[in-house]
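Colleague: Below is the structure, and that's it, no one-letter string:
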């Protein structure tokens, strides 16, 4: 009957209320990663975003001045010494009415596999470009991953306070190289190295910035009338107006549909270290970046946001707390409302997993998480059974697509340098393998005392060596092997390859996959032609030789 009021039972009302809250909270989330080539300023930008969101009072820099502290998000001793990000940092903070989940990623190419895992957990990415260098190899590689995963990309042109290339030239490079149509949101007034301020492309409003000493605290900004800035900057203001007119003429305005479908990218300019354009980037993330949506499971079926709680483990990390030596799994909440203490099911084993110790991590600081919603990142402590790519769920079973391992290109035999620390050595290798820091390969021929480490880049070996010694008190020796190409094979292939020179067959401990290692691609092709019926399948993305 029209206009009738249908009363709901208390239980049904609570369920509807819970579902509506999940939808509201999910809509507030913005979960994104910063991707870039090394030295483009990625960790500095991450720190600056936290500074301008008023989460911290003072920012560090990866390459700071003498006496200045390192970035909050870099917690590993090796990161602080080398001035690079090795691990992924997860920072959550409120900005305006939104909850920002910012995932800083390793910029160094040797740790691209970790970045790949992080990109499985985000809804958008900020592609950071150096104003002087533009698109660089690692940026291109990571953008390809974003394109494959359908992740919308915002672009931030950094270091505009230093000498660099022309803005129009950089936009053209983005469009010609990766096929993304640039849609400038802000535009620099002044050439790179002589930045006078930023102008909004849609309104023409000009903002001038005054940086603080070393960029450690927030820069001040003021909106200046067009007439005033035209009089003060007779060289740069007219040039900027001509460029803006050209952008309007070619139709470079913002189009939400093109951004979300991955055919165009909003572009903002600034200088993270000086604090220029950082708050504007935060606003763009809130206004433009998508909120979490239903994620497809391994069968391609969408897991709706209001479905029972589920999450994807995208990273496992030990050694973050030296006092407790615990192991933390970072989980992207995909559906439902997570509550600390709830018991979830580990999809890979069917076993229950208690979530009594749920935490949010900000550098070396930890806080207890009582609840979380789709898009949030939760750190689960004492997660010995979990590996990257695992799924956790409550009541309604689901399994999300696994995160593939990259094709390794560097190999080394690792041995304990001290017979008395063999137990620690073995435990350390098992832990680093389960974290996904390195791939551990073995064979009956080599035995458990001399496993083979397989890496995407050689710097991974340094991390393993340093962590085994500092965290497990297990000094080791490394002997590099002369292989550079990896292919997946099977038991039949392993038999066929026995006795072949410059070839070795090993089993990956993590998943039992049989891998054939070749000295180079020419040897691979020679063996392929020689042995009929040999299974030699390439491994997933990440290898330069595929």
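Modeller: Nice, thanks for sending it over. Remember, predicted model here, so these are calculated numbers, not experimental data.
Colleague: C-alpha only now, for contacts and for neighbours.
Modeller: Noted.
Colleague: How confident was the prediction at residue 106?
Modeller: We have a pLDDT of 62 for residue 106.
Colleague: Tell me, how many residues neighbour residue 234?
Modeller: The local packing of residue 234 (other CA atoms under 10 Å) involves 10 other residues.
Colleague: need the contact list for it.
Modeller: Counting by CA atoms under 8 Å, 6 or more residues apart in numbering, residue 234 touches no other residue.
Colleague: per-residue confidence for it?
Modeller: At residue 234, the pLDDT recorded in the model is 92.
Colleague: same deal with residue 330?
Modeller: Reported pLDDT for residue 330: 92.
Colleague: mind listing what it touches?
Modeller: Taking CA under 8 Å, 6+ apart, one finds 313, 314, 315, 316, 377, 378, 379, 380 in contact with residue 330.
Colleague: For it, give its distance to residue 306.
Modeller: 21 Å (CA to CA, to the nearest Å).
Colleague: Residue 165 too?
Modeller: On the measure of CA to CA, residue 165 and residue 306 end up 47 Å apart.
Colleague: now the stretch 201-350 of the chain, which segments are flagged as low pLDDT?
Modeller: 212-216, 319-326 (pLDDT under 70).
Colleague: That one: strands as residue ranges?
Modeller: 206-210, 220-224, 264-269, 295-296, 302-303, 310-318, 327-335, 338-339, 343-346 (DSSP state E, counting those that start in this stretch).
Colleague: Redo those as JSON lines? Include distance to residue 457.
Modeller: Converted to JSON lines, those look like this (distance: least, CA to CA, whole Å):
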{"stretch": "strand 206-210", "distance to residue 457": "40"}
{"stretch": "strand 220-224", "distance to residue 457": "41"}
{"stretch": "strand 264-269", "distance to residue 457": "30"}
{"stretch": "strand 295-296", "distance to residue 457": "31"}
{"stretch": "strand 302-303", "distance to residue 457": "35"}
{"stretch": "strand 310-318", "distance to residue 457": "18"}
{"stretch": "strand 327-335", "distance to residue 457": "23"}
{"stretch": "strand 338-339", "distance to residue 457": "36"}
{"stretch": "strand 343-346", "distance to residue 457": "31"}
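Colleague: Give me the more crowded residue out of residue 165 and residue 306.
Modeller: Set residue 165 next to residue 306 and count neighbours by other CA under 10 Å: residue 306 wins out with 21 against 17.
Colleague: Quickly note the distance from the more buried one to residue 28.
Modeller: 15 Å.
Colleague: and the nearest residue to residue 142 once chain neighbours are set aside, how many neighbours?
Modeller: Closest residue in space to residue 142, ignoring its immediate chain neighbours: residue 35 at 6.8 Å, by CA to CA, 6 or more residues apart in numbering. Neighbourhood size, residue 35 [other CA under 10 Å]: 30.
Colleague: List the contacts of residue 35.
Modeller: 42, 104, 105, 107, 125, 126, 127, 128, 139, 142, 143.
Colleague: How about the residue positioned nearest the centre of the chain, nearest residue that isn't a chain neighbour?
Modeller: With distances taken as CA atoms, centre = their mean, the residue of the chain nearest its centroid is residue 118 (3.7 Å). Distances taken as CA to CA, 6+ apart put residue 314 closest to residue 118, at 6.2 Å, once the chain neighbours are dropped.
Colleague: The one you found touches residue 331, doesn't it?
Modeller: Yes. Under the criterion of CA atoms under 8 Å, residue 314 makes contact with residue 331 at 6.2 Å.
Colleague: starting at the chain centroid, how far to stretch 137-150?
Modeller: Counting by CA atoms, centre = their mean, to the nearest Å, stretch 137-150 is centred 11 Å from the centre of its parent chain.
Colleague: Show me where the stretch 351-500 of the chain has its helices.
Modeller: Ranges of helices within the stretch 351-500 of the chain are 422-435, 459-472, 491-496, based on DSSP state H, counting those that start in this stretch.
Colleague: Please produce JSON lines containing the ones you listed, extended by mean pLDDT.
Modeller: As requested, the helices of the stretch 351-500 of the chain are exported to JSON lines (pLDDT from 0 to 100):
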{"stretch": "helix 422-435", "mean pLDDT": "88"}
{"stretch": "helix 459-472", "mean pLDDT": "86"}
{"stretch": "helix 491-496", "mean pLDDT": "94"}
